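[1] give me a model of this one.
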Amino acid sequence: MFKRTRLKTALAAALLLSAGAAHAAELVVSAAASLTNAFKELAHSFEQQNPGVQVITNFGASDILMQQIVRGAPADVFASADQAAMDKAVAEKAVNPASRKNFAANQIVLIVPHDGKLQPAALADLSQPGYRRIALGNPASVPFGRYTKAALESAGLWQQVAAKAVMAENVRTSLDYVARGEVDAGFVFATDAAVMPDKVKVAVRIPSAAPATYPIAVTAGSRQKELADKFIGHVLSPAGQAVLARYGFLKP
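    Below you'll find the predicted structure:
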């Protein structure tokens with residue numbers, strides 16, 4: 001009798017636990033690839049502060065994420081690496097424009113393999129014949145590609161560098177190309193270069209007339225609007241900003 005009672009108690013507890021797990025609130029955050037490390041930490045701290053909430057993160061090129069949301073992919077929060085991708089999301093009515101806020105800034109840098117023989121001192125060096133393969137982002141589909149093109153056009157080097165381009169689907173792909181020595185140099189955000197200091201090094205920091213600011217917003221189709229607002233508040237909070245700063249992001 002005692003064993004039967006204990007078994008019933010254990011089964012009841014298991015059912016309660018599974019029921020609680022089934023009803024856990026899920027918050028889907030689609031964010032730019034350059035935010036991967038920082039947002040994983042922010043998602044974890046948000047879960048700790050909100051028991052019963054599970055944050056599901058989805059990282060990739062901002063334009064691709066935006067298109068996924070427009071086509072109905074589940075998402076509650078969208079964080080973009082530039083204003084253009086968020087502008088498109090607003091135009092497509094994929095996000096709530098009233099919830100849109102800038103939360104971070106970044107800088108484009110030119111990196112080379114840590115043990116590479118070529119060490120450019122300026123963007124103009126990329127026009128030299130020794131530089132045969134340069135990792136870039138497609139300006140039509142990724143923010144870091146748009147920032148890079150603008151900087152190279154300003155320097156009068158876009159056509160020369162584009163002829164040597166190895167296109168990366170997102171900024172982390174560009175980082176990987178350089179880290180593996182598959183290209184002579186590549187463009188990434190400064191925060192991405194900091195992820196692999198033992199494999200890549202910054203050769204040139206690229207000045208930009210337009211700051212690389214990151215906007216965030218609640219999606220129009222969110223089923224967790226209150227939680228989504230709360231997550232954005234967490235990102236903008238002093239603690240959230242401290243996390244972003246630790247990963248190299250600047251104030252917006």
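[2] buried set for stretch 105-112?
    Asn106, Gln107, Ile108, Val109, Leu110, Ile111, Val112 (16 or more other CB atoms under 10 Å). Heads up, the C-betas are built off the backbone N, CA and C, glycines and all.
[3] domain assignment for this protein?
    The record's domain split for the chain, according to automatic domain parsing, is 2-105+213-246, 108-205.
[4] what about the protein, any weak spots by pLDDT?
    Filtered on pLDDT under 70, the chain yields the residue ranges 1-23, 209-210.
[5] out of the buried residues of stretch 105-112, flag the one nearest to Arg100.
    Distance ranking of these against Arg100, using CB to CB, places Asn106 first at 17.9 Å.
[6] quick one: contacts of stretch 126-134?
    110, 118, 120, 125, 157, 160-161, 164-166, 182-187 (CB atoms under 8 Å, 6 or more residues apart in numbering).
[7] now, of these, which are buried?
    Buried residues within the contacts of stretch 126-134, counting neighbours by 16+ other CB under 10 Å: 110, 120, 125, 157, 160-161, 164-166, 183-187.
[8] among the residues you listed, which are in helices?
    Among these, the ones falling in helices (DSSP state H) are Gln160, Val161.
[9] just the ones of the buried ones among the contacts of stretch 126-134 in strands?
    Judged by DSSP state E, strands contain the following of those: Leu110, Ala165, Val166, Ala185, Gly186, Phe187.
[10] was I right to think the fourth one contacts Val109?
    No - contact between Ala185 and Val109 fails when scored by CB atoms under 8 Å: they sit 10.5 Å apart.
[11] got any residues that touch both of the two?
    Common contacts of Ala185 and Val109, defined by CB under 8 Å, 6+ apart, comprise Ala203.
[12] residue boundaries of the helices in the stretch 51-200 of the chain?
    Taking DSSP state H, counting those that start in this stretch as the criterion, the stretch 51-200 of the chain carries its helices at 62-70, 83-91, 143-154, 158-162, 171-179, 190-193.
[13] and Gln48, which of these is closest to it?
    Taking those one by one with CB to CB, helix 190-193 is closest: 23.4 Å.
[14] elements contacting the closest one?
    Using 3 or more CB pairs under 8 Å, 6 or more residues apart in numbering; DSSP states H and E, the elements in contact with helix 190-193 are strand 108-113, helix 171-179, strand 200-205.
[15] how about a cut-off of 10 Å?
    On a contact count with 3 or more CB pairs under 10 Å, 6 or more residues apart in numbering; DSSP states H and E, helix 190-193 meets helix 36-49, strand 101-106, strand 108-113, helix 171-179, strand 185-189, strand 200-205.
[16] what about the fourth one, distance to the chain center?
    This means helix 171-179. 14 Å (CA atoms, centre = their mean, to the nearest Å).
[17] that helix vs helix 143-154, what angle?
    Here helix 171-179 points in a direction 70 degrees away from that of helix 143-154 (axes from the mean of the first three to the mean of the last three CA atoms, to 10 degrees).
[18] which strands and helices sit next to helix 171-179?
    If you count contacts as 3+ CB pairs under 10 Å, 6+ apart, helix 171-179 packs onto helix 36-49, strand 108-113, strand 134-137, helix 143-154, strand 165-168, strand 185-189, helix 190-193, strand 200-205.
[19] can you check the shortest one too?
    Judged by 3+ CB pairs under 10 Å, 6+ apart, strand 185-189 is in contact with strand 108-113, strand 134-137, helix 143-154, strand 165-168, helix 171-179, helix 190-193, strand 200-205.
[20] please consider this matter closed, and thank you.
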